[in-house]
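Colleague: Need the 3D shape of this:
(chains A and B)
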Amino acid sequence: MSQVRVRFAPSPTGFFHIGSARTALFNWLYARHTGGTFILRIEDTDKERNREQFLNVIYDSLNWLGLNWDEGPQVGGDFGPYRQSERAHIYREHLEKLHAAGSTYEKYGAIWFKLLGERHEVFDEHRKKTVTKVKVAPTMIEDRIRGRVERIENEDFVIVRSDGNPVFHFVNVVDDIAMQITHVIRGEDHLSNTSKHVELFKAFGGPVPQFAHIPLILKSPEMGPGKMSKRDQGALIEEYKQRCFLPEALVNYIALLGWNPGDDREKMLMTDIIKLFDLPGVNQSNARFDPKKLAHMNMTYLLELPAERFSALAQAFFAQQPNGAAVMADEAYFHEVMLLAQPKIKSVDELAAYSGYFFTEDYPIDDKIKTKVMGKGDPKARLAELLAALPAMDFTTDSALEAGIKSLAESKGLGFGDYQAVGRLAVTGTNVGPSITSIFRVLGPERVLARLGRFLAGV
RNA sequence: GCCCUCAUCGUCUAGCGGCUAGGACGGAUGAUUCUCAUUCAUCAAACCGGGGUUCGAUUCCCCGUGAGGGCGCCA
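Modeller: Residues are numbered from 1 along each chain as shown, chains lettered A, B, ... in the order given. Predicted coordinates for the structure are as follows:
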């Protein structure tokens, strides 16, 4: 049993972001890799912005991604409570220690952490105010990913607000000490804060944990500059869950954003990722999010999914659609259609558009395709021939239908394709989809003939 | 403005002093297929610039430049 203890410490102030998901993932992976403990801690000290409903977003997202926590809300543990809003007494005790050591003072009603050294006033052009600088030695940060980082922390900072609530820097360090955290794995946006944290750790006389600052996830070039933010398309885990992406595909993709197994493998089993993952293997440079590559990853997982699971996923998807109940009314039929769609789509949310014509007689006809298909040869004659020959054909298997259509084509001195394109257009309104024989078979002779007849009458 | 980090195809990346700079996504072309998608094959596509160090730099150092982050009584 390893002594490694890592934590993921989100704030319930917004939706669960893809960057947060990766931070959680890397912490979880490191815990699983080392046989350590993965702790979930809720940093809800900002009463203004926290909302109870966001807690469930955090829990649901982590669960959906498969990132189970060993200690934390809902599961408990020896170092609880795991919500900072319930740990006020612990912060008070630690504040006392700092008081006793003379490391604090009060100003403007807030409590400040006092750095050691000579003081002098300086006007800060950027912040447009006079600040007190302290002459200090540089703070050294030993980072498992960045190496040695040196930063000068030369201004006192607030640790308890004037309203009595402690701030992030303080509670974060206190909890890391109290929960015996050994490795702090977090986003690079915290790197500059780390000098504050190190000074606090030292003031408490405790051991300083190992730090590992992982690179950020930036927007894709089409989305513009900067890091992914909550507002960006595709930034929220909720969204992928709703679109019925496969969580294992999403996890696989984000694991590869800033980390790689050291060889060319991309689609990987979680057990292998756990085996291979380690902090020194994490990249130092920011990565841009690529929705296309994620879609590809999702497709490769979808292709391998057992039909039963695919069908279940499709059901979950249609359950949220307005016409879902109607679509799934005939369970066996629904299942047949899903079998045809599975090998053709990149994500489950394409199903509505991809399989629409199976579930309504009021399907749209693509005008561009229509012009193209109807402009070649004598499509109306082909349609009439299909209409005449189809009733005598065997609809039970694809091969029987194929044989039927081929013999029709042969008898006219034509090819299968002469019937395929126009038949597909009439019955589906488009030129994309499963094989025409599968469509005919699943739709059944009544529907197919009715559709062909109606289409022929309209052209 | 000050501080910190980073820098290989459009994107994710391999490379840890000597390579025709490799793979994947995306793109292009072709083959297969009843359409589409898949699959397969082929192609285009990169070491940010300048100085060093070295017999030799994509690789090590420095300076630029660029990208990103921080500078709250937010986390």
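
Colleague: Show the residue spans covered by the strands in the stretch 151-300 of chain A.
Modeller: A:157-160, A:183-187, A:210-214, A:217-218, A:287-288 (DSSP state E, counting those that start in this stretch).

Colleague: quick one: the last one near RNA strand B?
Modeller: Yes - with CB under 7 Å from any atom of the strand as the measure, strand A:287-288 is seen reaching RNA strand B through A:287-288. Just so you know, the C-beta spots here come from the backbone N, C-alpha and C atoms, and that holds for glycine as well.

Colleague: List the pairing partners of that strand within its sheet, with orientation.
Modeller: strand A:217-218 (parallel) (DSSP bridges).

Colleague: hmm, back to that, please convert the strands of the stretch 151-300 of chain A to a markdown table, extending it with mean neighbour count and mean pLDDT.
Modeller: Output for the strands of the stretch 151-300 of chain A, formatted as a markdown table (neighbours: other CB atoms under 10 Å; pLDDT from 0 to 100):
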| stretch | mean neighbour count | mean pLDDT |
| --- | --- | --- |
| strand A:157-160 | 20 | 95 |
| strand A:183-187 | 22 | 97 |
| strand A:210-214 | 22 | 96 |
| strand A:217-218 | 22 | 95 |
| strand A:287-288 | 16 | 95 |
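
Colleague: May I see the ones you listed organised as CSV, with distance to A:A326 added?
Modeller: Below are those laid out as CSV (distance: least, CB to CB, whole Å):
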stretch, distance to A:A326
strand A:157-160, 59
strand A:183-187, 45
strand A:210-214, 46
strand A:217-218, 39
strand A:287-288, 41
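
Colleague: Quick check, the residue in the stretch 301-450 of chain A closest to RNA strand B?
Modeller: A:S435 (2.4 Å; CB to the nearest atom of the strand).

Colleague: That residue: neighbour count?
Modeller: When neighbours are counted by other CB atoms under 10 Å, A:S435 registers 14.

Colleague: got the contact list for the closest residue to it other than its chain neighbours?
Modeller: Leaving aside its sequence neighbours, A:S435 sits nearest to A:D398 (CB to CB, 6 or more residues apart in numbering; 6.6 Å). With contact set as CB atoms under 8 Å, 6 or more residues apart in numbering, A:D398 has these partners: A:435, A:437-438, A:441.

Colleague: May I ask which of those has the most neighbours?
Modeller: Most surrounded of the contacts of A:D398: other CB under 10 Å gives A:R441, at 23 neighbours.

Colleague: Please enumerate residues in contact with whichever strand or helix holds that one?
Modeller: Following DSSP states H and E, one finds A:R441 within helix A:436-443. Helix A:436-443 has contacts (CB under 8 Å, 6+ apart) with A:333, A:336-337, A:340, A:358, A:390, A:395-399, A:401-402, A:405, A:419-420, A:423-424, A:427-428, A:433, A:448, A:451.

Colleague: Out of these, which are close to RNA strand B?
Modeller: Within those, those near RNA strand B by CB under 7 Å from any atom of the strand are A:398, A:402, A:420, A:424, A:433.

Colleague: and stretch A:306-317, does that touch RNA strand B?
Modeller: No - with CB under 7 Å from any atom of the strand as the criterion, RNA strand B is not reached by stretch A:306-317; the gap is at least 14.6 Å.

Colleague: I figured A:T182 was touching A:N27, is that so?
Modeller: No - using CB atoms under 8 Å, A:T182 is not in contact with A:N27, being 11.5 Å away.

Colleague: so how far is stretch A:391-403 from its chain's centroid?
Modeller: With CA atoms, centre = their mean, to the nearest Å as the basis, stretch A:391-403 stands 44 Å off its chain's centre.

Colleague: buried sites along that stretch?
Modeller: A:393, A:395, A:398, A:401-402 (16 or more other CB atoms under 10 Å).

Colleague: now swap in stretch A:283-292 and tell me
Modeller: So stretch A:283-292, judged by 16+ other CB under 10 Å, has buried residues A:287, A:289-290.

Colleague: re earlier: shared neighbours, A:T182 and A:N27?
Modeller: Between them, A:T182 and A:N27 share the contacting residues A:V6, judged by CB under 8 Å, 6+ apart.

Colleague: These two: which has the busier surroundings?
Modeller: A:N27 (26 against 18).
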